[in-house]
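> show me how the following folds:
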Amino acid sequence: MEKKGGFLSALKAAFPHTIPVMTGYLFLGISYGIYMKVSGFSFLYPMLMAITIFGGSLEFVTVSLLLSTFAPLQTFLMALVIQARHLFYGLAMLEKYKNTGLKKLYLIFALTDETFSINCSTPVPEGIDKGKFYFAVSLLDQCYWVSGATIGGILGSFIPFNTEGLDFVMTAMFVVIFIEQWLKEKKHYTALIGVFASVLCLIIFGAESFIIPTMAVIFIMLALFRKPIEKAGGFE
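Modelled structure (predicted):
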């Protein structure tokens with residue numbers, strides 16, 4: 001029988017905290033897998049991308065990148081800016097991930113919005129090694145996403161249904177994230193920064209080229225005004 005401090009015990013302790021993530025990741029993952037299939041890719045693509053990239057919004061964007069002209073620099077900048085918020089997450093988790101050994105490498109890779117929320121706010125149960133608990137949360141969350149993406153890719157191959165408008169799922173996802181952030185914030189500073197940067201860059205650069213400049217402007221403004229935003233409760 002395994003000791004309480006073992007990895008299976010950590011999985012059992014972590015699982016209840018990840019149930020809300022499971023429901024969301026499975027639904028979005030299935031939508032993503034179907035979207036990939038509708039775009040002409042085998043189910044292996046969403047499955048492998050979920051394993052190696054593991055960044056929901058970035059993976060949706062990657063679909064259009066794979067279908068467009070080869071542009072490695074643009075792709076690199078896009079990925080960097082989209083995931084740049086993890087710089088703030090990483091700083092917040094430095095102390096919690098301290099002394100976790102080699103597990104820290106996976107913890108860094110698997111840090112998503114939802115995993116950050118759980119690992120940052122959930123006390124490690126008594127008798128459970130903190131590194132194993134954080135690792136279990138991260139692993140479970142990624143398993144949910146990989147499973148959803150794979151199931152979606154397979155369903156898209158074998159179940160006939162009308163997929164018209166399915167590509168709107170990414171837009172819908174970002175709208176939901178924006179609304180959640182708006183409801184969570186007290187002063188709406190970060191939401192207004194996002195809207196302002198998007199409109200400004202859309203006017204200046206046009207609909208075809210405004211995404212990367214928008215992300216860059218948002219990142220710079222959040223970095224410059226981080227302390228006032230934190231005081232106002234904008235990063236809670």
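
> what's the domain layout of the chain?
The chain breaks down into these domains under automatic domain parsing: 7-165, 185-236.

> quickly compare these and say which is most buried.
Scoring the domains of the chain by mean neighbour count under mean count of other C-beta atoms under 10 Å gives domain 7-165 as the most buried, with a mean of 17. Where C-beta positions appear, they are placed from N, C-alpha and C, glycine not excepted.

> list the contacts of stretch 68-76.
If you take C-beta atoms under 8 Å, 6 or more residues apart in numbering as the criterion, stretch 68-76 is touched by 65, 212.

> may I have it exported as PDB, CA atoms only?
Presented in PDB, the C-alpha positions along stretch 68-76 are these (Å, rounded to 0.1, in the frame of the first residue of the first chain):
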ATOM      1  CA  SER A  68      -1.200  30.500 -43.900                       C
ATOM      2  CA  THR A  69       2.200  31.300 -45.600                       C
ATOM      3  CA  PHE A  70       5.300  30.100 -43.800                       C
ATOM      4  CA  ALA A  71       6.400  32.900 -41.500                       C
ATOM      5  CA  PRO A  72       8.500  31.700 -38.600                       C
ATOM      6  CA  LEU A  73       9.300  35.100 -37.200                       C
ATOM      7  CA  GLN A  74       5.600  36.200 -37.100                       C
ATOM      8  CA  THR A  75       4.700  32.800 -35.600                       C
ATOM      9  CA  PHE A  76       7.400  33.200 -32.900                       C
END
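
> so how far is it off the chain centroid?
What separates the centre of stretch 68-76 from the centre of its chain is 21 Å, taken as C-alpha atoms, centre = their mean, to the nearest Å.

> got the contact list for the nearest residue to residue 82 once chain neighbours are set aside?
Nearest residue to residue 82, sequence neighbours excluded (C-beta to C-beta, 6 or more residues apart in numbering): residue 58, at 5.1 Å. Taking C-beta under 8 Å, 6+ apart as the contact definition, residue 58 lies against 79, 82-83.

> from those, which shows the smallest pLDDT?
For the contacts of residue 58, the weakest pLDDT value sits at residue 82, with 76.

> if I look at that one, how far off is residue 102?
27 Å (C-beta to C-beta, to the nearest Å).

> re the thing from before, point out the one among the domains of the chain that comes closest to residue 179.
domain 185-236 (9.1 Å; C-beta to C-beta).

> for the closest one, the distance to its chain's centre please.
Counting by C-alpha atoms, centre = their mean, domain 185-236 is centred 18 Å from the centre of its parent chain.
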